[in-house]
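J.: here is a sequence with its predicted model. Questions after.
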Amino acid sequence: MNGDGGPAVRGGWRDRLRTLAGWHDELFVAKWRSGLQREARRQEDDFLALLLLSSYGIDDPAAFHTLPLTAEMIESFHRWHQREGHDRFPAGGVCC
Amino acid sequence: MSAPRPVCFVGGKGGVGKTTVSAALARAHAAAGRRTLLVSTDPAHSTGDVLGCRIGPEPVEVADHLEAVEIDPEAVADAYVEAVRHDVHRAVSPEVRATVDRHLDLARRGAGTLESALLDRLGDLLAGAGTRWDRIVVDTAPTGHTLRLLAMPELLTAWVQGLVRQREKAKGVDRMLRNLAGDETPVADPVIDRLHAQRLRLQRLREVLHDDALVHLVLIPERLPIEETARALDSLDAAGLTVGSVVVNRVLPAEADGEFLAQRRAQQADYLAEIERRFAARDLLRVTQLPRDVADPDSLAEVQRQVAALATRG
């Protein structure tokens, strides 16, 4: 895009371009963004699931070595179980 | 064999004399002037009984050039979980503390916790091989546990690496989102830092086990120990670990007399022939049975004399 910073164009061009960019954003970028947001949540959930295997009774050989992550991950646990519609975390007493 | 390896594990079936052989081997190294650490990992510690002195969870000097330590996995796990609890309590609101405590208590009692704690502590001690100590001799729990323990760092390194990848994937999408919003500042991720640190520790331990360690297997000339030793040798080979010697303990001396002992000796001769045949590719060392059990300095010195060859080999 060139318009910005160039010589002054007649009133309206700039606004029209801006509106156009707004539509473009709404049509494509916003969709992409919400898709990315979903993907980010899904990847974080997968990571959490891997850390919480033993809470589901699945053997987790690394449980001891990942225990120190509890401090950093507790916020994620909380967001996850609320997003999944549980006011309280259903398994293992990990969160509230 | 190339350069002598600074670490050796002594494994074998329960009751074949691992602790005695370990203590004797450690003493032989120390007698040769090498700074030696003897580590007992068997939860039923009897290293102190063999050496005739009290030892504990920190290395203590028990003779010239010889230190000894008994790993206490319960205490290691307690201290570890308490440190995590301290961290978590600083990070979370008071209302979730009780439930986080419950999670940590469950983790403390978890199936693999003591084994992992043992491995962790062993890793710390083995990190002193070649610097603080010239030789480290590790007296192990019976075969099955030991094989698992030796294989764990490899498995865990791969496991933690998988977690790192998953975390990087999640953070990568996060970064794209922020870039989209015009935010290009890099964000530190303490989770990935901790995972990397863990992976590095496990990887180092794996390298020590593969590159700097030997595993000696002890057996006695009887049916069950022979079979177990054959299986253990296969497992060690498959895991890429290096076997040192096969130590045949409690071989009846030729001068043991009487009808009863003559019969036992005849049976042992059959088993010894079988051992020579089945483990022909291995380095074999015989240790003869003494008239008294090895519970005094003189008998230990005699075993030390017999296993001294191990100390010069590796």
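T.: Here it is on my side, so go on. Residues are numbered from 1 along each chain as shown, chains lettered A, B, ... in the order given.

J.: outline the domain layout of chain B.
T.: Split into domains by automatic domain parsing, chain B comes to B:7-76+B:114-146+B:213-313, B:78-108.

J.: can you give me the end-to-end span of the shortest one?
T.: Across its full length, domain B:78-108 reaches 7 Å end to end, with C-alpha to C-alpha, to the nearest Å as the criterion.

J.: one more: stretch B:37-49?
T.: One end of stretch B:37-49 sits 16 Å from the other (C-alpha to C-alpha).

J.: try stretch B:236-246
T.: This stretch, stretch B:236-246, spans 13 Å end to end (C-alpha to C-alpha).

J.: would you mark the buried spots in it?
T.: Buried residues in stretch B:236-246, counting neighbours by 16 or more other C-beta atoms under 10 Å in any protein chain shown, are found at B:236, B:241-246. From N, CA and C alone the C-beta is placed, and that goes for glycine too.

J.: strands - which of those land there?
T.: B:243-246 (DSSP state E).

J.: coming back round to it: can I get the buried residues of stretch B:236-246 in TSV with distance to chain A and pLDDT?
T.: What follows is those, written out as TSV (distance: C-beta to the nearest C-beta, whole Å; pLDDT from 0 to 100):
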residue	distance to chain A	pLDDT
B:236	20	95
B:241	18	95
B:242	24	96
B:243	25	96
B:244	27	95
B:245	31	96
B:246	30	97
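
J.: the nearest residue to residue B:57 once chain neighbours are set aside: neighbouring residues, count only.
T.: Computed as C-beta to C-beta, 6 or more residues apart in numbering or on different chains, the closest residue to residue B:57 that is not its neighbour in sequence is residue B:72, at 4.7 Å. Residues contacting residue B:72 under the criterion other C-beta atoms under 10 Å in any protein chain shown number 19.

J.: pretty sure residue B:72 is touching residue B:58, no?
T.: No: the pair residue B:72 / residue B:58 is not scored as a contact, 10.0 Å apart, by C-beta atoms under 8 Å.

J.: what comes up buried for the lowest-mean-pLDDT helix or strand in chain B?
T.: Ranked by mean pLDDT, DSSP states H and E, the weakest helix or strand in chain B is helix B:94-108, scoring a mean of 85. For helix B:94-108, burial by neighbour count (16+ other C-beta under 10 Å) applies to B:96, B:99-100, B:103-104, B:106-108.

J.: from the chain's centroid, how far away is it?
T.: Centroid separation for helix B:94-108 versus its chain: 31 Å, with C-alpha atoms, centre = their mean, to the nearest Å.

J.: any idea how many residues pack against residue B:212?
T.: 18.

J.: residues touching it, list them.
T.: Neighbouring residues of residue B:212 by C-beta atoms under 8 Å, 6 or more residues apart in numbering or on different chains: B:5-7, B:129-130.

J.: check it and give its pLDDT.
T.: Residue B:212 carries a pLDDT value of 96.

J.: next one: it from chain A, what distance?
T.: Distance, residue B:212 to chain A, using C-beta to the nearest C-beta, to the nearest Å: 22 Å.

J.: residue B:27 now?
T.: 34 Å.

J.: do residue B:287 as well
T.: Between residue B:287 and chain A the distance is 36 Å, computed by C-beta to the nearest C-beta.

J.: wait, a strand at that residue?
T.: Yes: Residue B:287: assigned to a strand according to DSSP: H, G, I helix; E, B strand; the rest coil.

J.: element containing the closest residue to residue B:254 other than its chain neighbours?
T.: The shortest distance from residue B:254 to any non-neighbouring residue, by C-beta to C-beta, 6+ apart, is to residue B:265 (7.8 Å). Assigned by DSSP states H and E, residue B:265 belongs to helix B:259-278.

J.: what does that helix rub up against?
T.: Defining contact as C-beta under 8 Å, 6+ apart, one finds that helix B:259-278 is touched by B:219, B:221-223, B:226, B:230, B:246, B:248, B:251-252, B:254, B:256, B:284, B:286.

J.: where does the chain dip in pLDDT?
T.: As the question left the chain open, I've gone with chain A. A:1-11, A:86-96 (pLDDT under 70).

J.: that answer is for a different chain, and I need it for chain B
T.: Where chain B drops to pLDDT under 70, the residues are B:1-2, B:313-314.

J.: what helices or strands is the lengthiest helix in it leaning on?
T.: Longest helix in chain B by number of residues (criterion: DSSP state H): helix B:143-180. Judged by 3 or more C-beta pairs under 8 Å, 6 or more residues apart in numbering or on different chains; DSSP states H and E, the packing partners of helix B:143-180 are helix A:30-51, helix A:63-66, strand B:7-12, helix B:113-126, helix B:190-207, helix B:223-238.

J.: the helix or strand immediately after the shortest one in the chain near chain B anywhere?
T.: In this case it means helix A:63-66. As assigned by DSSP H and E, the chain's next helix or strand after helix A:63-66 is helix A:70-83. Yes: Helix A:70-83 lies within reach of chain B by C-beta under 8 Å from any C-beta of the partner chain, at A:70-74, A:78.

J.: got those as a markdown table, with neighbour count columns?
T.: Output for the residues of helix A:70-83 next to chain B, formatted as a markdown table (neighbours: other C-beta atoms under 10 Å in any protein chain shown):
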| residue | neighbour count |
| --- | --- |
| A:70 | 21 |
| A:71 | 21 |
| A:72 | 17 |
| A:73 | 22 |
| A:74 | 20 |
| A:78 | 17 |
